[in-house]
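Novice: sequence first, predicted model second:
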Amino acid sequence: MKYAQSPGMSFEDFQDGAILIDIDGGRVIEFNASAKFLWESLPGSATKDELMAALCQNYPDLDNAQAERDVALFLEESLACGAVIALE
């Protein structure tokens, strides 16, 4: 399955993270540095494995098990709040 950024989100970059503003829903979503990186890795679409590989490349000290947990949590929370959509 591929994932993509949800349309209608305004992205505000900060040094240690970012916030997304859901223009239609009026919600604010806060991202830490790794979630910010994963969000920025979705300009088109990506699979979970592609996101894990990108995270490991960007954070060389991160082991695969931690990368898998981080990506799974990012996708779970981002899908739940509508920041990310699942594509078929």
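Specialist: Cool, got the structure. Numbers count the residues shown, from 1 in each chain.

Novice: and the helix with the most length in the chain, average pLDDT?
Specialist: The single longest helix within the chain, with elements called by DSSP state H, is helix 64-81. The average of the pLDDT scores along helix 64-81 is 94.

Novice: counting by contacts, list what that helix packs against.
Specialist: strand 27-32, helix 33-40, helix 48-58, strand 84-87 (3 or more C-beta pairs under 8 Å, 6 or more residues apart in numbering; DSSP states H and E). All C-beta spots, glycine's among them, are computed from the backbone N, C-alpha and C.

Novice: run through who's touching the helix or strand harbouring Tyr3.
Specialist: According to DSSP states H and E, Tyr3 maps onto strand 2-5. For strand 2-5, contacts defined as C-beta atoms under 8 Å, 6 or more residues apart in numbering pick out 39, 42-48, 51, 75, 79, 83-87.

Novice: out of the residues you listed, the closest to Ala67 would be?
Specialist: Leu51 (8.6 Å; C-beta to C-beta).

Novice: buried residues of the strand holding Tyr3, list them for me.
Specialist: For strand 2-5, burial by neighbour count (16 or more other C-beta atoms under 10 Å) applies to Tyr3, Gln5.
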